[in-house]
Every structure is written in C-alpha cells, then in structure tokens.
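**Q** sequence and predicted structure below; questions after.
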Amino acid sequence: MAESPLDVLLKGNSGRTTRGLLRIIILATIAAAAVSSRLFSVIRFESIIHEFDPWFNFRATKYLVSHGFESFWDWFDDRTWHPLGRVTGGTLYPGLMVTSGVIYHVLRFLTIPVDIRNICVLLAPAFSGLTALAMYFLTREMATSPSAGLLAAAFMGIVPGYISRSVAGSYDNEAIAIFLLVFTFFLWIKAVKNGSIMWGSLAALFYGYMVSAWGGYVFITNLIPLHVFVLLCMGRYSSRIYISYTTWYALGTLASMQIPFVGFLPIRNSDHMSALGVFGLIQLVAFADFVRGFIPGKHFQRLLTTMIIVVFGIAFVGLVVLTVSGVIAPWSGRFYSLWDTGYAKIHIPIIASVSEHQPTAWPAFFFDLNFLIWLFPAGVYMCFRDLKDEHVFVIIYSVLASYFAGVMVRLMLTLTPIVCVAAALALSTILDTYVFAKNGPNPRAKANEDNSDGLRSTRKPDVGVTSYLSKAVMTSSVVIYLLLFVAHCTWVTSNAYSSPSVVLASRLPDGSQHIIDDYREAYYWLRQNTEHNAKIMSWWDYGYQIGGMADRPTLVDNNTWNNTHIATVGKAMSSREEVSYPILRQHDVDYVLVVFGGLLGYSGDDINKFLWMVRIAEGIWPDEVKERDFFTARGEYRVDDGATPTMRNSLMYKMSYYNFNSLFGPGQAVDRVRGSRLPAEGPQLNTLEEAFTSENWIIRIYKVKDLDNLGRDHNNAVAFDKGHKRKRATKRKGPRVLRTE
Amino acid sequence: MAPKRTAAPAATTGPVPAPSPPTMPSASSSSSAPAASSSSLLSSGPKTLTQNSSIYDIAHTVWQQYLATTPQRTMLLDAFMGFLVLVGGVQFVYCVVGGNYPFNAFLSGFCAAVGQFVLTASLRMQTSAATSSSSSTGGGGGGAKGKGGKKVVKGDAAEEGSGGVSAERAFADYVFGSLILHFFCINFIN
C-alpha cells in the first residue's frame, strides 16, 4: 500500500498520540477559524461596540473597571430612567462585565496595556472559540467516534445561528452565555455518566456562572430536571442520576441565588418549580429504591402505594396553599408568551415590540443553520438507535429547543448547539459507514470462518459499503455539502451579521463603500454641545446608546423595567404638542431625539416604530391614546396627505418631518422609507425648536423651549413671532418692489 | 446498577434485585463486605411477613432488616442524615411559626441542611454496596449501557454501581461538594 508510512503513524500506540496531536491541532484551527470569521466588522468598520444592549454592557464594564467591584455591586445609576434612576447593580446579570473586568485586570497584571473597549469588542469571538471546544467535549460524550466531536466543534464555530450573536463588537450576554450553556450541559452529561459528586458540583458551578451571565439560564433550569424526569419515567433510575441531579440542584440553586437580580426567584418563581419538584420526586424514588432492597416485591408494592398517596396528598395541599397565599409567584409574562405566541401582543406590548421576540420565519432556519437543519432530524434518529441516558438528553433538548426557536427568533440561539451535535452525529455516522466500511472486519472474518466452503456470495456478507464508487460518490457529496456550508456561513456572516448598526454602510454608484455615521455624529454633538445633565428623551431603543456614547441622562432605555415610564414617553411622542409639552416639562426634558430615515431610506426609524409607542401608551392611557386614530378610515398607516389629523398632530410626526419640505422643491418632498409624497405644507412646531440634524437627517434633536418670558403659551408666542416677521418682511419688501419698477 | 466487575457478568440480569453474593472478595473496602452479607441475608430473608400483613408490619420488618444488615459506618452516615433532616425540619417549622424575617439566613440555613443531606446521601450511595441492587431493574441494559464513560479508577474491587467511584474518590468528591456548598451558604447568609 502506498500509505504505509501513514499507517504507521495512524495505528498502534504511536498512532494514538499522533491522533491526539492531530485532534489538538484541528481543534486549535477550528477555534482560530471561529474567532477570525467573526472579525468582519472590525476589519470593515473599526473596533466598535454594536447595536443597543452592548452599549449598556460596555458602559457598565467601564464603571466596573474604574470604580471597582464593590461599588459596581451597589451601583445606583441616576443617569438613566430620570427621575426614577435604576438600581443597576441589582438588576443586571453581572457575569459578562465581571468576566471582561477580570480579563482586563489580568492583562494589566501581565503588563499588556489593552483598552477595555478592545476587550469588550473581542470577548465574543474569543468565547466562541471556547464554545467550539466545549462543543467538542459535549459531542464526544454522545458519540463513540471522535470525528463527531470535531465536526460538531467545526459546525459550532461557524454556524450563522451562533455567529449572529457573537461577532466582534456584539458585546452581549449571549456572547459568553452560549459557551456556558454548552459547557454546563457537557458537565451535566459527564455527571450523569459517572455519577460523581465532583462533576455534579462542577456543573452547578458553571450553572451559577451561567445564571450570572444570562437570563436564558431558565432553559437549563428546566431542561435538566426534564431530562431526569424522563429518565425516571423510563425506569432508568440509578444512583448515578440521584447523585448528579441532587448535587447539581442543591449547589446550583444556592449558586443562582447569589446573584442579586435572581435572588429568591429559584424558590418563588414558577419557572423554577419543575426543578424543585423533580428534586423532591427523586428523593422519594431514591428512598423507595432504598426500601425495596429490604423487602420482597409484593409488600413493597403496598408500601409504595401508601407512600405515593400520602406524599402526593401532602404535596398537592401544600402547592394549593402556597399558590393561594401568594408565596409562589405566578408565571412570568415572557414565559406565557413562549406558549401562546399571541399572548404578548395582547397583554404585554413591550415584550412583543422587540423584534427578536417575534416568531421565527421559516427561511430563518435555513438561513441560520443551512444544511445542518436537515441533518438534524437524522441525528436525533441516531440518538434513538442506541438510547443511552445522554441520548435521551439530546432528544429532549432538540424537541424543546425546536419548539422555542419557532416561537422566538432569539431562541434560535439555544437551538443551534443541539443542531450542531445532532448534525455532527449524523454526518460522522455517514462518513464512518462509507469511509471505514472496509475496516469492519468482525462480521466478515467470522463469516469467512463459518462459510469457508459455502457459496461465494455468502462468504462475503454485505456488511458495510465496499464499492469504491459509492464511497467516492458519498464522500464527495458530503464534502461538497460541507464546502457549501462554509461558503454559506461566510456569506451570511459577512453580509447579514457584521453590521454594527451604529455605523451604516452603503454602496455608492461606483461600488465604493460609503459610511453613514449619523448616530455617532449626533451623539457626539450631544456630548459636546449640551450640559452634562441635560435630559434627553427618546424612544427606549436609543437609551443605551445615548447613555454610552453621549453620556447624557435618559428617560427610558433598553432595560424596559418600568412599563409606565415607557408609556409616558410613548404618550408624549404620540400626543398633540399641547399635551406633550407639560409631560416634557414635568420630566425635566431638555432635548428630544428622534430617528428619521425618510431622507435616506433607512427603514429602522421612529415613524416605523411609532405604532408600538402608540400601543404601549394605549396600554396605560386607553382614553387618551388610541391606536385606531392613527390609521385612516381604510385602515392604512399613512404619512402623506391622507394621514389622519391625530397622526399629523402627533409630536413624533412633527419632529420627523419638521422642515423636511425645505429640502425639496414645493410639493416634491418624498419620504423614501414609506415611499409616499408628503403634504405640501410641513408641520409647525411650537414648543420645540430644532437643535441639531445630522448629515443624512437620520438623527434629529430638538430642544424643548423654556416657558415664554411674557407668560404667553407657545402657540401664541410663535404666532406672534411669525406675524411680526411677516409684517416686517412685507414692509421691507414693499419699497424695494416700488423702487425697481 | 449491575455489578461492574468483569468477574461476574452473569449476575446483571437476575430477577431478584440483589447482587450475586459470593463474588465479593475479602479485599474490598470495609463497606462492601457487610453489604454482601446483607444481600445474602435478604435472599434467605425473614419469613415473618405474610401476604396480608399490614403496612405497619411491613414497615417494622423494613426497620428490622435495616438494623440487621447495615454496617456501622453507613449507619453513622444515616444518623448524620437524620440529624440534618431534623435540623432542616426545625428551621422550616421556625420559619412557618416564627416568621421568615431574615429570609436569606433562613434560606441558607435550610439549603445547607438540604444540600448536606443530599451530598451525604450521595456519599452513602457511592460507598455503600447496598445500592448495587438499585438499577438492576432499570431495564436489562439500562444501567450497564450508561457506563460508557471512562472510569477514573478501574480494577478496585470495591467499585460499585454508582458509576464505579472508589470510596476514597467518593469522599474527596464529598468534601469538594461540601466546601462549595458551605461557601455559597456563608456568602448568602448576610
């Protein structure tokens, strides 16, 4: 054979070390690929924090680094949610900030002077490399062949469903949470397999870390008990399960309660009750199992029945009493919206208004997972074939996560790891079947011994695929699919997920890139031209960015903890000026910021979000703000001549289109987002004055006028000013006309 | 759990939930030897129970069996567990009766008791051979299949069902878990 030197390397004892070395090299390469594929945005734009939430995390991290951990823990932030403030230290998941703070101080200790911003920007790619490693470990527990682990690691490294939340600059909780999720599951599987306290405790520790990092920890809190419950129902109770689960639960619950934001939730909130219930159940099962060791089956049956009746009676009464007396909190709104997709829209518009809480569209699955999505069911089927405890876990996880991913776009993130595992299982089985079929000597050797004098066909039983043609076809098609997958991932990452959304990029007609930097332009204007304590009102989407980039107090931000306050802002935006002005005055608002995309065709602007403001305001003041009034009689949402009076008098409309006409010839003003021609006469603003409009008109900032010096209301004052000016203009104009003619 | 030892593979699917008694070597750790005697006692168990004996009788028999067959060390663990249940119960009763004002303190106290209880129970399962019968009913191969993972310590004769963890390893794990538990409790107690 030509490959004999290779054979020497790959077989026997030295082969094992070679393979180990190869595996390490491959994993390192995968991690490198995972990191580097997330750097598109840094290369194309710059090292900048993306989107909305990351700006808050960045700001909090800066606070942590400069003020130290203690004061971070007790941080009361009076520069957000003006006049209320926010107990930031107690209402955030500190895992992310603490992680980057620790990295920062370690690097400082090693005398590597790195800016905290660069750490924050590059944290997510770094952790995605770790996620690939964790994925390898997790999948190796599921499959016998290590190639499955390597495949899973590679998938996890570049799958767009995960990249979407972990490109460089996307400094969000998910950046580290997915790593923790995968690693916690790995430790859990390890604990179930080994039944050792140590693995259980480690799983609990990482679970605690996960709790400190992301609200999605509830997924683990429910998945692991469900796994145990299903195992119990399958009659697979064993001391391994008891040990791993009880250790995990007892330690993990305590660990999760250390986070102030979580606090007593694990024993109060219904989301966590399944874990507690299974904990109780497994105690009973263990005890029953213990007792069964002492007496023969018949008596045990009777004893068991009695025990079950007594225990369930007590538990049921206890549950009823606790629920009635209100000790156990009802299910949270986000939880309901998981089961009833229409729930949020009706009851909690603030949740429904977030785009990532919308149900997933079908193409998104293919977009985010590509060919993994059709390997996924095959992988789950593989798990059914040899149904060990860990395979049960994969099945449960995949069923649950598929459902959740269908309900909320952002839960695609929790589906992605299991899809990678399942797809890697399926693909490695295929590859093993077709590539290594020749090396399956056991059946053939046995057959040769038995039928050495039999028919030729029986001497060569059809176990495995031996034809080179089918091998070649199969292998090459798999390779082609893999290559397509890589191409797809690169394309998606580069085109869809690498935009900072703070900085917009567009193409000029000659194909060169044009950077639209209106956001930062406007925020820096605020930072430099307004007082340090000037209050900025904007819709809550921009609260974190204003806090992070402009360093000015805001009324509401993306931490939507106070629905009423947000509704107040919504009401101010959607009401007439006479209604809005007192609201603005009461809340000390100095500047109002709106995002307007009409000039550029930027669709994520405030007019498009306006209906959510109306809905949220209507939730609190159904008498004063009515969504119906913003639609025309035919039910259209229009901004042109046909717009309703309510719409045209609303503050948001006026601020968006104020002076917009002056850019165009008379009657030519066109809103390029809505694609509609605007009325010839632009809106009048009486109580606000334009302070700043960015280059492409994306951000418009208005200053709230002070009370009139002469005690008039603003309508009269503006009318007076206008009349005065007009008179003077005609006066001046008059003589000139006379003289020329 | 079916016995791990390769010496007695035939014992895995016995209808009676007991390990094959005579395969226990004398070199095993202190806890497994009495357990072997326990199972042998069980197979020849006391015939005092009739088919229609009352629940109380059955419970009494269980108690007698327990006293007769449990080794001293395991009983010590059981006593500790009983004590923990007592402590937890007292705290809970106080919480119900006397109010839960320092709720943190109550919770960490209670969780310490519960956590220590389950850790001790885990330790007991790992060290005591009596649990070896636990999973032999869990489907013929269920227990045996689950043990695909690499075992840390092989060949120790004392290895038992709980994933093949030796007594020393189990105790080390126990200490590790307890340390974490009490660290969290102290941190939480305010």
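**A** Ah, there it is.

**Q** where's residue A:142 relative to chain B, distance?
**A** 10 Å (CB to the nearest CB, to the nearest Å). Every residue, glycine included, has its C-beta placed from N, CA and C.

**Q** would you list the phi and psi of that residue?
**A** phi -90, psi -30 (degrees, to the nearest 10).

**Q** show me the contacts for it.
**A** A:148, A:189, A:383, A:390, A:391, A:394, A:421, A:425 (CB atoms under 8 Å, 6 or more residues apart in numbering or on different chains).

**Q** redo that, cut-off 7 Å
**A** A:390, A:391, A:394, A:421, A:425 (CB atoms under 7 Å, 6 or more residues apart in numbering or on different chains).

**Q** could I get the full set of helices for chain B?
**A** Per DSSP state H, chain B carries helices over the ranges B:32-43, B:55-69, B:72-98, B:103-127, B:142-145, B:167-188.

**Q** pull the helix or strand with minimum mean pLDDT from chain B.
**A** Within chain B, no helix or strand scores below helix B:142-145, which has a mean of 35 by mean pLDDT, DSSP states H and E.

**Q** sorry, back to before: top of the contacts of residue A:142 by neighbour count?
**A** residue A:421 (33 neighbours; other CB atoms under 10 Å in any protein chain shown).

**Q** can the helix or strand harbouring that residue be said to contact chain B?
**A** Assigned by DSSP states H and E, residue A:421 belongs to helix A:412-435. No: remark: helix A:412-435 sits outside contact range of chain B, by CB under 7 Å from any CB of the partner chain, the gap being at least 14.4 Å.

**Q** give me the number of residues near the residue of the stretch 501-650 of chain A found nearest chain B?
**A** Nearest residue of the stretch 501-650 of chain A to chain B: residue A:561, at 22.4 Å (CB to the nearest CB). A total of 14 residues lie near residue A:561 under the criterion other CB under 10 Å.

**Q** you'd agree it is in a strand?
**A** No: according to DSSP: H, G, I helix; E, B strand; the rest coil, the state of residue A:561 is coil, so it is not within a strand.

**Q** contacts only, for it.
**A** Per CB under 7 Å, 6+ apart, neighbours of residue A:561: A:86, A:91.

**Q** try it again with 10 Å
**A** Listed by CB atoms under 10 Å, 6 or more residues apart in numbering or on different chains, the contact set of residue A:561 reads A:80, A:81, A:84, A:86, A:87, A:91.

**Q** need phi/psi at it.
**A** phi -80, psi -20.

**Q** any idea of the pLDDT on it?
**A** Residue A:561 carries a pLDDT score of 79 in this model.

**Q** how close does it sit to residue A:536?
**A** According to CB to CB, to the nearest Å, residue A:561 stands 18 Å off from residue A:536.

**Q** what does residue A:487 give?
**A** For residue A:487, the distance to residue A:536 equals 44 Å [CB to CB].

**Q** the more surrounded of those two?
**A** Higher neighbour count among residue A:487 and residue A:536: residue A:536, with 23 against 11, using other CB under 10 Å.

**Q** that one: which element?
**A** Counting by DSSP H and E, residue A:536 is found in strand A:535-537.

**Q** and residue A:57, how many neighbours?
**A** Residues near residue A:57, counting by other CB under 10 Å: 23.

**Q** same check on residue A:651?
**A** There are 26 residues near residue A:651, going by other CB under 10 Å.

**Q** give me the nearest residue to it, chain neighbours excluded.
**A** Nearest non-adjacent residue to residue A:651, counting by CB to CB, 6 or more residues apart in numbering or on different chains: residue A:580, 4.6 Å away.

**Q** now swap in residue A:244 and tell me
**A** The shortest distance from residue A:244 to any residue other than its chain neighbours is 3.6 Å, reached at residue A:191 (CB to CB, 6+ apart).

**Q** what residues are up against that neighbour?
**A** Counted by CB under 10 Å, 6+ apart, residue A:191 has contacts A:197-204, A:224, A:240-241, A:243-245, A:247-248, B:149, B:163.

**Q** for residue A:254, give me its contacts.
**A** Per CB under 10 Å, 6+ apart, neighbours of residue A:254: A:204, A:208, A:266, B:107-108, B:111-112, B:114-115, B:180-185, B:187-188.

**Q** ah, wrong one, I meant residue A:421
**A** Counting by CB under 10 Å, 6+ apart, residue A:421 makes contact with A:135, A:138-139, A:141-143, A:148-149, A:151-152, A:155-156, A:182, A:185, A:372, A:376, A:379-380, A:383, A:393-394, A:397-398.

**Q** tell me the domain ranges of chain A?
**A** A:517-706, A:711-741 (automatic domain parsing).

**Q** mean pLDDT lowest for which of those?
**A** domain A:711-741 (a mean of 59).

**Q** any stretches of chain B with poor pLDDT?
**A** B:1-53, B:129-165, B:190 (pLDDT under 70).

**Q** 90 instead, please
**A** B:1-78, B:81, B:91-112, B:114-115, B:118-174, B:176-177, B:180-190 (pLDDT under 90).

**Q** which residues in chain A form strands?
**A** Along chain A, counting by DSSP state E, strands occupy A:504-507, A:513-516, A:535-537, A:589-595, A:670-671, A:676-677, A:688-693, A:699-704.

**Q** dump those to CSV, plus distance to chain B.
**A** Below are the strands of chain A laid out as CSV (distance: least, CB to the nearest CB, whole Å):
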stretch, distance to chain B
strand A:504-507, 46
strand A:513-516, 48
strand A:535-537, 36
strand A:589-595, 40
strand A:670-671, 56
strand A:676-677, 58
strand A:688-693, 49
strand A:699-704, 45
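
**Q** columns distance to residue A:612 on top of those strands, output as CSV?
**A** Below are these laid out as CSV (distance: least, CB to CB, whole Å):
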stretch, distance to residue A:612
strand A:504-507, 22
strand A:513-516, 24
strand A:535-537, 16
strand A:589-595, 13
strand A:670-671, 19
strand A:676-677, 20
strand A:688-693, 22
strand A:699-704, 19
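
**Q** what about residue A:58, distance to residue A:91?
**A** Residue A:58 is 17 Å from residue A:91, by CB to CB.

**Q** got it, and residue A:642?
**A** 44 Å.

**Q** check residue B:120 too.
**A** 37 Å.

**Q** more crowded one of those two?
**A** Using other CB under 10 Å as the criterion, residue B:120 and residue A:91 rank with residue B:120 on top: 19 against 13.

**Q** what sits closest to that one if chain neighbours are left out?
**A** That would be residue B:81: by CB to CB, 6+ apart, it lies 5.2 Å from residue B:120.

**Q** that neighbour and residue B:125 touch, don't they?
**A** No: assessed by CB atoms under 10 Å, residue B:81 is found out of contact with residue B:125, at 11.5 Å.

**Q** so these two - more neighbours on which side?
**A** With neighbours defined as other CB under 10 Å, residue B:81 and residue B:125 compare such that residue B:125 has more, 29 against 18.

**Q** what is the burial count for the closest residue to that one other than its chain neighbours?
**A** Spatial nearest neighbour of residue B:125, excluding adjacent residues (CB to CB, 6+ apart): residue A:239 at 4.0 Å. Neighbourhood size, residue A:239 [other CB under 10 Å]: 28.

**Q** residue A:239 against residue A:293, yeah?
**A** No: using CB under 10 Å, residue A:239 is not in contact with residue A:293, being 11.7 Å away.

**Q** can you map out the helices along the stretch 601-741 of chain A?
**A** In the stretch 601-741 of chain A, the helices defined using DSSP state H, counting those that start in this stretch lie at A:606-620, A:645-649, A:651-657, A:714-740.
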